[in-house]
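Asker: have a look at this prediction, sequence included:
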Amino acid sequence: MSNLIDLDGLDLGSLDEKGKPVETRLKDVKAAVGIFATLLRADEKSAVNRSRIDSMFDGVAPYNESQLAASGQGLKTNLNFGEAQRLLDISLSAYVDLYTSLERLVEVKATTGERSEAGPKEDIVAQELTDLFRRWPEFHSSYLRLCTQFIKHGVGVAYFDSPEDWKFRVGGFADILIPRQSQASENSIDIAVGRRQYQLHELYHFIKNEKAAKAVGWNVEEVKRVMMENVKTSGRAYTSGNTYSDYEALQAEIKNNDLYTGIQNPTVDVLHYWVREIDGSVSHYISAESSPKDFLYKKVSRYDTPEQAYIFFTYGVGSNGTYHSIRGLGQRIFSHIQTSNRLRCQQIDGAMLASAVMIQPENQRSLDELSFTFYGAYAVMSPNVKIVEKAIPNLGTAVQPALQDLTQQLNLNTDTMSPYGPNQTSPYKNKMQVVADMDVATRISGSTLNLFYSSWTRLMREMVRRIVQVKRPDAAIKDFFDRCEKRGVEKEFIKKLDVAQTKAVRSIGNGSHANRLVSLRELQGISGQFDDVGRRNLTRDIVSTRVGHDLADRYVPAQESERQTVDTKIAYLENQQLQQGQQVPVVSSELHGQHLQLHVPLLQQFIQAINEGQADPQQVLPALQALYQHISETAQYASGDPALGAVVGNAKQVLQYAEEAINNTMKALEKIQREQQQQQQISEDGAGQPQMSEVDMKLQKAQVDMQITQQKAELDMAIKQQKFDQEQAIRDAQAALKFREQE
């Protein structure tokens, strides 16, 4: 059934009867409630399945106790052995590791400032944002509820109450209804209906300032009516029967004692409607669930995009790509767990039966008078009773193989253990096999991990956007800006962040503590190629994995200074040679970005000195040519790295100025040369050839040097390319040899 057929109250067109764009697709509150009723009926069967799955995780026994008692089986073993909860804890532990193993939860990108200056500021902002998130008391519990929801049932939802609040709420299909057959994308959801409950004092605070409430979209009169219909009290002078007779009395009661009034009265069932408009924006409506007369709240196009209102987390892609076809861990293990619980209960009953003595009274009187009398090590039974010698089937031998096979199949289906397991061994038990076993035992599948990070990144991005761009910050956001400013990051820098580039930081090991240790050990093997900052960061990550980030500062404090490498010193030494007009070759393995950051300012100083008349162009011409050639080659290497785009762009602009200065100087030298030649021809007495002037020699030398430099650069590039091709061929041959050896 299409998700559009049942939504009669939702306008599916973009124009009204007059050909004008419709203001909103939701007609009125009657249509809204009708849509809710349709979605609720369509979700009835799914709701029953979710309740059964929740019962399994909550420890409900496999048999109905009342039915057992009615059939005379009240003493039958009826236990839930907690396998489902154990599997849920194992699955949840991987997602907890993704969150707790990170020192920073997000990465942010700046739009202003040089890369060398913006990088440290970005790190500070990311650290303070992470601290802000973790300072929120409900952040950890909300994250756990979100992960639990989509692991158990396949879909979890993080949503926001308003466009300003950065703190998200968590729900699932039990709280938020969407049309069936909606494709697994927020942009494919035409309408979402959330069920919430508010206490009276919460509704009152929405309209406490009636003028301001009306301005932002609240229907004050409808809120008052709903409050009056839901308030219950007794013994009040201003009541009629069991309800308040006027709103003013209720208002006075809430003002004087809002907590008591709110707790003593029943909660109000409220519906939130998020409607996707034709232009892609999302309108927000609120109404009472029971007999509404109008919307409590209405704001057309309140959210620019669906992601600003809600973000769905999925445990897979389902059978046909729709949200309702996605199944979580609960559906995957339900049949296995219920069968396992019944088999284990039957096995316990069999063990108790096998360990009991079968006694058969001869008549009813013998049964009534049945007793045991103990005399030391002896026991005497009542007369007319005999012990029945009957072979009892050993249920353990019949049930145990079935349980083992069921457990093995369950573990394989849920990826909670290695295929070799603790009681089996690999035929190739080596170090890599142990690592592989650890990987399977504690992993999150690649598809599930990518789906999670896709939604998690969008949620982090939306939270950062609200924090950075909010116009009315709360106390926590104000404290965030103050702490950043104390660390040297001004407010304007944060306001101009490229929010669209915000990313959630991925955890090393993909949620596996064992995999993280293995990865860090592998990095230790190549740490000799890292710079000092890289090696220090690796050491800090290893320490953090062992003792946590909070205690890591005791052993390896975080490095907050600017990252310097040996290339920085090399670039300084190269500058000294370039200033003397000496040619310096460019090596492909250099950190070209750092070289440009040191060479380009030196070239700018020469150009500025020439423009201001502080330097003789003829004297600095060799240095200009050397710098121009060296920076050109360096920029050519750096242009292959997209991250150095801004640095390369700046270098190319300065090179244009340098080229202009070199050309102007060359033209000036040529002009002087022509003038000197003319003077020599006039003063020439006709005897002998004229002597070459000093200017002629300088110009000729400059031209020769330029040609030699150009030819040398072309030769160097050809040699480097040939060397690279040879090395690549050797690497390919070695890789092919290793591959054949592994086979």
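Answerer: Thanks, I have it.

Asker: can you give me the neighbour number for S447?
Answerer: The number of residues packed near S447 is 11, by other C-beta atoms under 10 Å. C-beta coordinates here come from the backbone N, C-alpha and C atoms, glycine included.

Asker: what's the pLDDT at the residue lying closest to it once chain neighbours are set aside?
Answerer: In this structure, S447 finds its nearest non-sequential neighbour in G316, 7.1 Å apart by C-beta to C-beta, 6 or more residues apart in numbering. Turning to G316, the model gives it a pLDDT of 84.

Asker: what's the answer for L271, then?
Answerer: 95.

Asker: for the chain, where's the lowest mean pLDDT among helices and strands?
Answerer: strand 239-240 (a mean of 48; mean pLDDT, DSSP states H and E).

Asker: so who does the spatially most central residue of the chain touch?
Answerer: The centroid of the chain falls nearest to W456 when counting by C-alpha atoms, centre = their mean (2.9 Å). W456 makes contact with 313, 504 under the criterion C-beta atoms under 8 Å, 6 or more residues apart in numbering.

Asker: burial of L497, as a residue count?
Answerer: Neighbours of L497 (other C-beta under 10 Å): 23.

Asker: which phi and psi values does it adopt?
Answerer: phi -60, psi 150 (degrees, to the nearest 10).

Asker: may I have the phi/psi pair for D165?
Answerer: The phi/psi pair for D165 (degrees, to the nearest 10) is phi -70, psi 130.

Asker: can you tell me the closest non-neighbouring residue to it?
Answerer: R466 (7.2 Å).

Asker: give me the element the one you found is part of.
Answerer: Counting by DSSP states H and E, the element that carries R466 is helix 446-469.

Asker: now do E659
Answerer: Secondary structure (DSSP H and E) places E659 in helix 645-683.

Asker: just A126 next, same as before
Answerer: helix 115-135.

Asker: which other helices and strands does that helix contact?
Answerer: On a contact count with 3 or more C-beta pairs under 8 Å, 6 or more residues apart in numbering; DSSP states H and E, helix 115-135 meets strand 106-107, helix 446-469, helix 475-486, helix 491-495.

Asker: now those as TSV including distance to Q524 and mean pLDDT?
Answerer: Compiled in TSV, the helices and strands packed on helix 115-135 are given as follows (distance: least, C-beta to C-beta, whole Å; pLDDT from 0 to 100):
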stretch	distance to Q524	mean pLDDT
strand 106-107	24	92
helix 446-469	25	89
helix 475-486	34	93
helix 491-495	36	90
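
Asker: neighbours of G376, just the number please.
Answerer: 5.

Asker: before we move on, what about I286?
Answerer: With other C-beta under 10 Å as criterion, I286 counts 25.

Asker: okay, buried residues for the helix holding A126 please.
Answerer: Residues 115, 118, 120-130, 132-133 are the ones in helix 115-135 that count as buried (16 or more other C-beta atoms under 10 Å).

Asker: looking at those residues, which is nearest A32?
Answerer: When these are compared for distance to A32 (C-beta to C-beta), F133 wins out at 34.2 Å.

Asker: circling back to that earlier point, ok now the helix holding R466, how far from the chain's centre?
Answerer: Between the centre of helix 446-469 and the centre of its host chain there is 4 Å, according to C-alpha atoms, centre = their mean, to the nearest Å.

Asker: hmm, back to that, looks to me like the residue nearest to S447 is in a strand.
Answerer: No: assessed with DSSP: H, G, I helix; E, B strand; the rest coil, G316 is coil; it does not lie in a strand.

Asker: that one - how many residues pack around it?
Answerer: G316 - counted by other C-beta under 10 Å - has 18 other residues nearby.

Asker: so who does it touch?
Answerer: Residues in contact with G316, defined by C-beta under 8 Å, 6+ apart, are 154, 326-327, 447-448, 451.

Asker: just for the stretch 151-300 of the chain, where's the confidence low?
Answerer: 232-246, 255-263 (pLDDT under 70).

Asker: mind redoing it with 90?
Answerer: For the stretch 151-300 of the chain, the stretches with pLDDT under 90 are 161-164, 181, 199-205, 208, 226-268, 278-280, 290-291.

Asker: secondary structure element holding the residue nearest to P622 when sequence neighbours are not counted?
Answerer: In this structure, P622 finds its nearest non-sequential neighbour in G581, 2.9 Å apart by C-beta to C-beta, 6+ apart. Here G581 is covered by no helix or strand, with elements defined by DSSP H and E.
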